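**Student:** coords please:
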Amino acid sequence: MASIKANCRKVICIGRNYADHITELNSARPAQPFFFLKPPSSILLPNKGPVIRPRGVNLHHEVELGLVIGKTPSPEGLKNLQASDSKMLSYIKSYFLGIDLTARNVQDEAKKKGLPWSIAKGFDTFLPISHEIPFDRIPDPHDVVLWLSVNGTIKQKDSSNLMLFDIPRMMSDISKVMTLEEGDIILTGTPKGVGPLVGGDVVKCGLEADGREVVEARIEVQVVDDTTEGAYEFKET
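**Tutor:** Residues are numbered from 1 along each chain as shown. Here you go, the predicted structure:
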C-alpha cells in the first residue's frame, strides 16, 4: 500500500464539483473544471494516523472519491486527452476514498487577500486515504455513495452522480495543462456537509457501489491537536 504514496508525483484536486457544496461555501459555480494541487507528503496511509491539527487552524473535512492513474500508452504520459475518448476510464489503475482536509481559516484569509492557498491544503496528514480499490470493484464511478461521519454522526453522504463534471472531463481538462503520469492521484470533489474537526474527534468514511459496501474504502482516523514546540501556528499574513 505504501506504493500509492511512493509512486505519486502529484495530487490533483477538483474544486467545486458538487452544487450543494458550492452553495454551502457561498462560492461561484465554475463553467469548467478547476483544480489545485496537494503535495504527496500530505498523504496519510491507512492505519498511519492520527491527523494532526495545527495550532490555530479551523480544520474541515471533505470526503472524496479518488483515482490513481495507471500505466500510460506513451512513456511521456497522458497529454491533451479528449473527454469523448472511449478509452478514458481504462487509464485508471484503481480507486480509493480520501479526505481532503482543509485549514479553512487559512484558506479564507488567502482568498480574501488574493494569495495562494497551498498552505491550507498542504500540511502533513491532510490527505488520509483508504486502501486501493481495484478498478473492477467499481463498475461505474459516477454512481457510488460516499459518506463521512464524525464521532458516529453522519456529516456527509451523497452519490457521485451529483458531480457537475464527470471523470473523463476532469482528466481531459487536467491533461491539457499538465501531463498525467503513472501514479498520479485525482480527487474528484466533495459533496455537501463539510465541517469542522477538533482534537479528539474520530472520523470514519465509507463507500457503497451497487448498494454494497466496498470494504477497501473504509477509513477510520483520529484527530489530535499539534503540541509540538516550534511547530506551525496560524497567524495573519
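**Student:** How about the helix-or-strand element of the chain with minimal mean pLDDT, which residues are buried there?
**Tutor:** For the chain, counting by mean pLDDT, DSSP states H and E, helix 19-24 ranks last in confidence among helices and strands (a mean of 81). By 16 or more other CB atoms under 10 Å, the buried positions in helix 19-24 come out as 21-22. C-beta coordinates here come from the backbone N, C-alpha and C atoms, glycine included.
**Student:** so what secondary structure elements neighbour the following helix or strand past that helix?
**Tutor:** Next along the chain after helix 19-24, taking DSSP states H and E as the criterion, comes strand 34-38. For strand 34-38, the packing partners by 3 or more CB pairs under 8 Å, 6 or more residues apart in numbering; DSSP states H and E come out as strand 11-15, helix 118-122, helix 167-175.
**Student:** The ones you listed: which one's closest to Leu97?
**Tutor:** Checking the helices and strands packed on strand 34-38 against Leu97 by CB to CB gives strand 11-15 as the closest, at 14.1 Å.
**Student:** Adjacent strands (with direction) for the closest one?
**Tutor:** strand 34-38 (antiparallel), strand 185-187 (parallel) (DSSP bridges).
**Student:** Which residues does it contact?
**Tutor:** 30, 33-40, 42-43, 64, 100, 121, 127, 165, 170, 174, 178, 184-189 (CB atoms under 8 Å, 6 or more residues apart in numbering).
**Student:** run the last query once more with 7 Å
**Tutor:** Strand 11-15 is contacted from outside by 33-38, 40, 100, 127, 170, 174, 184-189, using CB atoms under 7 Å, 6 or more residues apart in numbering.
**Student:** Just the buried ones from the residues you listed?
**Tutor:** By neighbour count, with 16+ other CB under 10 Å, these hold 33, 35-36, 38, 40, 100, 127, 170, 174, 184-189 as buried.
**Student:** how about those, which pair is most distant?
**Tutor:** Pro33 and Pro40, at 21.2 Å, using CB to CB across the buried ones among the contacts of strand 11-15.
**Student:** related to what we said a few turns ago, so for Gly230, which of the helices and strands packed on strand 34-38 sits nearest?
**Tutor:** Closest approach to Gly230 among the helices and strands packed on strand 34-38 (CB to CB): helix 118-122, 17.0 Å.
**Student:** For Arg169, which residues are in contact?
**Tutor:** Residues in contact with Arg169, defined by CB under 7 Å, 6+ apart, are 33, 83.
**Student:** Output the below-cut-off pLDDT ranges for the protein.
**Tutor:** Flagging of the chain using pLDDT under 70 yields the residue ranges 1-2.
**Student:** can you rerun that using 90?
**Tutor:** 1-4, 19-30 (pLDDT under 90).
**Student:** so can I have CSV of the strands paired with strand 11-15 showing distance to Asp210?
**Tutor:** Formatted as CSV, the strands paired with strand 11-15 follow (distance: least, CB to CB, whole Å):
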stretch, distance to Asp210
strand 34-38, 29
strand 185-187, 22
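**Student:** Good, we can wrap up now.
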